[in-house]
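Asker: Need the 3D shape of this:
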Amino acid sequence: MHRARVVLQASSKIGNSERFASWLIKNPQAVAMTINANRLKSSTAAEPFLNGSSSAYVETMYNNWLTDPNSVHASWDAFFRNATNGAQPGVAYTPPPNLAPYAKNEVPLTSLIPASGGMPSIASGSPINEKIIDDHLAVQAIIRSYQIRGHHIAKLDPLEIANFNTAEKNPREVIYNSYRFDEADMDRVFKLPSTTFIGEKEKALPLREILNRLEQAYCNNIGIEFMFINSLEQCNWIRQRMEPPNVTKMSNDQKRLILARLSRSAGFENFLAKKWSSEKRFGLEGCEILIPAMKQVIDTSTKLGVESIIMGMPHRGRLNVLANVCRKPLHQLFTQFAGLEAEDDGSGDVKYHLGTYIERLNRVTNKNIRLAVCANPSHLEAVDPVVQGKTRAEQFYRGDNEGKKVMSILLHGDAAFAGQGVVFETMHLSDLPAYTTHGTIHIVANNQIGFTTDPRHSRSSAYCTDVARVVNAPIFHVNSDNPEAVMHVCNVAAEWRATFHKDVVIDIVSYRRNGHNEVDEPMFTQPLMYQKIRKTKPVLEIYADRLIKEGVVTAEEVKDVKDKYEKICEDAYNQAKQETHIKYKDWLDSPWSGFFEGKDPLKMSPTGVVEETLVHIGKRFSSPPPNAAEFEIHKGLLRILKARMEMVEKRTVDWALAEAMAFGSLLKEGIHVRLSGEDVERGTFSHRHHVLHHQKVDKATYCALAHLYPDQAPYTVCNSSLSEYGVLGFEVGYSVTNPNALVLWEAQFGDFNNVAQCIIDQFISSGQAKWVRQSGIVLLQPHGMEGMGPEHSSARLERFLQMSADDPDYMPPESPDYEVRQLHDCNWIVANCSTPASLFHILRRQIALPFRKPLILMTPKSLLRHPECKSSFDEMAEGTTFKRVLPEEGPASENPDKVRKVAFCSGRVYYDLLKERRDRGLEKDIAIVRLEQISPFPYDQLKSEISKYPNAQLVWSQEEHKNMGSWSYVEPRFRTLLRNQKQISYNGRATAASPATGSKAAHNKELKNLLDEFCVL
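Answerer: Okay, the predicted model is just below:
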């Protein structure tokens, strides 16, 4: 009977103090279980339920089993065997196997304990204790710890000065300081969890082998940060490519290719150092592996279908990238050192800022590849968003909606990657629908120093790459002195981008053999580091020695490769000596093939449009979605649409309608229009409403301008992230890709453009002069002194005018093509329009010109709804053009000899002056002339206006302070125009440090003074 008593006790519950392992053992998912026990006897009285028929039944079954074990059911057989072997009460019973499928991440208990390694097996019925379960859990935790923390102790630094601080504790404690295993445990076999691939096809491994493989995967020359990624699929994808043994192993042919590329990279720098030892060139010594790394990324990407790659990079290593990655003709590079004069127009730039565009055959994949390196200034990382915009534009024009054909590679320095905020702004564009480039490969040439600043003083994060974590980009740190590890990481990064279309970072941990440049002395500030560098062998020497020892190459072959490349450089050097001029156009990164050919460089297309087109666009823009009665529009918007329709019927337009007609007419002509910026879909001042939103259905929208004509060009209007620097840079890149597009960026308020000042100064204002690169980008800058305070009043018009490159002391000779010639010779156009018709024409003129120039356009705020700020269709119809100057058309123009004052002005102040003149009855005494275009300065038209009014005093009226606005630009040019025969005086606010007062009362007082002075005769 004592054998039968276990039936009850087998069902008894564990107490509250049970350990996890004990609970797991009793889990009903288990296939079989035993517990350590001593053989015990118990009396029948201890189990009172065993009496009567039940006890007789058990006794009968037991007697039958004694006679023949096969005569009873298998469950009774197992029960009696366990009881006879001394199982404790409650333990002899074995539950039947559970045939239900296991849930995700569940395994049967028996699978945790392999029947090997000297440990007991559950399946064999041997006793087992909780330590087995706890040890398996500990092993799984250690595996996860390596995956999370292994990079902390990886051997990443070729100088071995920046590794984990081992002085205080064993670095392995970082990985498993909470787990203790004896030497005897090292040969125990443990089941591998599904979240590791170190076993390849093996499901279990001895602990010693597990630790060895984890060390090789995570703590050797590659350190991986990826466990913060919130996708199990992506994490497993990385594990599969990084954890299996010998995953970085290369074939002999691959090794020889790496060596050849490394020889070219080092040979190029050595040749430059020999020929121009005292020239600044920002060489790549110490990180020569960058060139093979980039070529490996390009090779793998090309195999995976990429046809065009746009690159952005700082100055370090740029010449080497142009020579050995892009295959720029070497003699063109060497000519840059000769100090020759330029054959074409422009001021040029230093050689390590120049870009290029190359289309060539990739010899490894035997496919054609287009490579562009964008020109950039010394402002580190400023080129990042420009590259992304150019990449996005190429994808758009190719119809590459998934980024499979066009991709970007961005190179960074370690100090700049951590220190420059535009990196963060650019990263945050990576997944936005209107800005994504479907994954960028970031390569950091990590010199472990920024100019003279130690990383401990230049960043607060553990790594320079931590910014990439915000977009779930995996980060691969790799030791530059292990070329094969670098190549493997490059392959994985390229495959990651092709698979998931997400950003990825390769951090090549290297060093800088020279100072910041070749004539800089680094020992002043980093003596210990540079003592170590002086003793460190170049990577080419390290790798060549290794391959010679492996028998992959011979010393003679290594020398032959070096000598062959040196002869190539020498031949190019001799060819460069024959050159007499340099050509800036050789360095163009965005060639517009076919745009300039066969075109009169001074002939402008008409900007007027037939009225039928204006009416069609106006009516479409003023209507809800056609055939969509269920599309519920906000009641306020219905009123706006109705008012627009009434304007169209009256043949008039306001600012928003004129803008829409300019866009719509260009779209009809096949010109792509892209409007980007903060809140541009609605407009900061709720005037535009290009995107209508269904009031009851999320994400249901309608854009009328995208549905004007069945064969129109695409229209893109997109709210950007709250970024000026990054987004304006992006749009600049977009604008230089294709001249047949109108690309506009609108500041939320013009005051905020100074956050993007770097892009304005380095790319837009001077881009053509430095790099022969034209751009037709339009900057819409809300501007006007309307009592809204210092940060909501001024777009800093004076700054744009100050950077205009026309000479204030030179008045161009008059000619029939005066306007176009002025535009051709300027660096950009600055305008402050006062009518919707002027806006319409100046936007269309951007495309009508036979070349491209940036347009800086001050746009209104209060004028958006001003009853007098309207234009007739007659001013926009066929045959009309943009008027750089709007003359007086009132009573003063009818009797000009009696006019006592002519006030020249620009922008919204005109309406203040107009009202004041009307209120004081001075319409015959004062003429008001508007400059719609301020720069280039319209000398020809102003000359005729001044001659109209021979007896009038001349005054410049502006609402901005005297040291701001247009005055400092127009005053010397008026002086040149007047040839000192007349004077022009100033009418406006006094000088000030702040663009505007924050007091409404003070604002009104200033305005009153301005208007009072305007009326003085």
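Asker: alpha carbons only for contacts and neighbour counts from here, please
Answerer: Noted.
Asker: Show me where the stretch 401-550 of the chain has its helices.
Answerer: Taking DSSP state H, counting those that start in this stretch, the helices of the stretch 401-550 of the chain run over residues 414-419, 421-427, 455-458, 483-500, 527-535, 539-550.
Asker: Name the residues of whatever helix or strand comes next after the last one that are buried.
Answerer: Going down the chain from helix 539-550, the next helix or strand is helix 555-577, by DSSP states H and E. Within helix 555-577, the residues that count as buried by 16 or more other CA atoms under 10 Å are 558, 561-562, 565-566, 569-570, 572-573, 576.
Asker: right, and the helices of the stretch 401-550 of the chain - which one's nearest Val772?
Answerer: Ranking the helices of the stretch 401-550 of the chain by proximity to Val772 (CA to CA) places helix 421-427 first, at 24.7 Å.
Asker: Would you mind listing the outside residues contacting the closest one?
Answerer: 381-382, 384-385, 417, 467-468, 471, 723, 725-727 (CA atoms under 8 Å, 6 or more residues apart in numbering).
Asker: Repeat the analysis, applying 6 Å as the threshold.
Answerer: 385, 726 (CA atoms under 6 Å, 6 or more residues apart in numbering).
Asker: Please apply the same query to stretch 506-524.
Answerer: Residues from elsewhere that reach stretch 506-524, judged by CA under 6 Å, 6+ apart: 157, 280, 282, 285-287, 443-447, 451, 476-480.
Asker: Gln867: neighbouring residues, count only.
Answerer: I think there's a mix-up here, since residue 867 is Pro and not Gln. By other CA atoms under 10 Å, the residues close to Pro867 number 8.
Asker: where does it land on pLDDT?
Answerer: Here the pLDDT value assigned to Pro867 is 95.
Asker: quick one: contacts for it?
Answerer: By CA under 6 Å, 6+ apart, Pro867 lies in contact with nothing.
Asker: Confirm it sits in a helix?
Answerer: No: counting by DSSP: H, G, I helix; E, B strand; the rest coil, Pro867 falls outside a helix, being coil.
Asker: so what's the backbone phi/psi at it?
Answerer: Phi and psi for Pro867, reported as degrees, to the nearest 10, are phi -60, psi -20.
Asker: ok, now how distant is it from Glu875?
Answerer: Pro867 sits at a distance of 17 Å from Glu875 (criterion: CA to CA, to the nearest Å).
Asker: Show me the helices in the stretch 851-1000 of the chain, by range?
Answerer: 891-894, 909-919, 939-948, 967-978, 1000-1015.
Asker: Can you tell me which of those helices is nearest to Pro836?
Answerer: Among the helices of the stretch 851-1000 of the chain, the nearest to Pro836 by CA to CA is helix 909-919 (13.7 Å).
Asker: angle of that closest one against helix 1000-1015?
Answerer: 70 degrees (axes from the mean of the first three to the mean of the last three CA atoms, to 10 degrees).
Asker: Just the local confidence number for the residue nearest the centre of the chain, please.
Answerer: Among the residues of the chain, the one closest to the centroid is Thr426, at 3.5 Å (CA atoms, centre = their mean). pLDDT, Thr426: 96.
Asker: do Gly286 as well
Answerer: For Gly286, the model assigns a pLDDT of 86.
Asker: and if you look at Asn270?
Answerer: Note on Asn270: pLDDT of 90.
Asker: Tyr511 now?
Answerer: Here, the pLDDT recorded for Tyr511 equals 89.
Asker: what's the answer for Trp23, then?
Answerer: 37.
Asker: hang on, Phe904 packs against Leu931?
Answerer: No: with contact defined as CA atoms under 6 Å, Phe904 does not reach Leu931; the gap is 7.1 Å.
Asker: which neighbours do these two share?
Answerer: If you check Phe904 and Leu931 against CA under 6 Å, 6+ apart, no residue is contacted by both.
Asker: returning to what we had before: how about the helices of the stretch 401-550 of the chain, which one is nearest Tyr179?
Answerer: The minimum distance between Tyr179 and the helices of the stretch 401-550 of the chain falls on helix 483-500, with 30.1 Å, by CA to CA.
Asker: which residues in the stretch 301-450 of the chain form strands?
Answerer: Assigned by DSSP state E, counting those that start in this stretch, the strands in the stretch 301-450 of the chain fall at 308-312, 341-342, 356-362, 367-373, 406-413, 440-446.
Asker: So which elements touch the last one?
Answerer: This means strand 440-446. Packing partners of strand 440-446 (3 or more CA pairs under 6 Å, 6 or more residues apart in numbering; DSSP states H and E): strand 406-413, strand 504-509.
Asker: May I see these organised as JSON lines, with distance to Gln140 added?
Answerer: Output for the helices and strands packed on strand 440-446, formatted as JSON lines (distance: least, CA to CA, whole Å):
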{"stretch": "strand 406-413", "distance to Gln140": "37"}
{"stretch": "strand 504-509", "distance to Gln140": "27"}
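Asker: just so I know, which of those strands lies nearest Arg973?
Answerer: Taking CA to CA, strand 406-413 is the member of those nearest to Arg973, at 43.9 Å.
Asker: In three-state terms, label Glu579 for me.
Answerer: coil.
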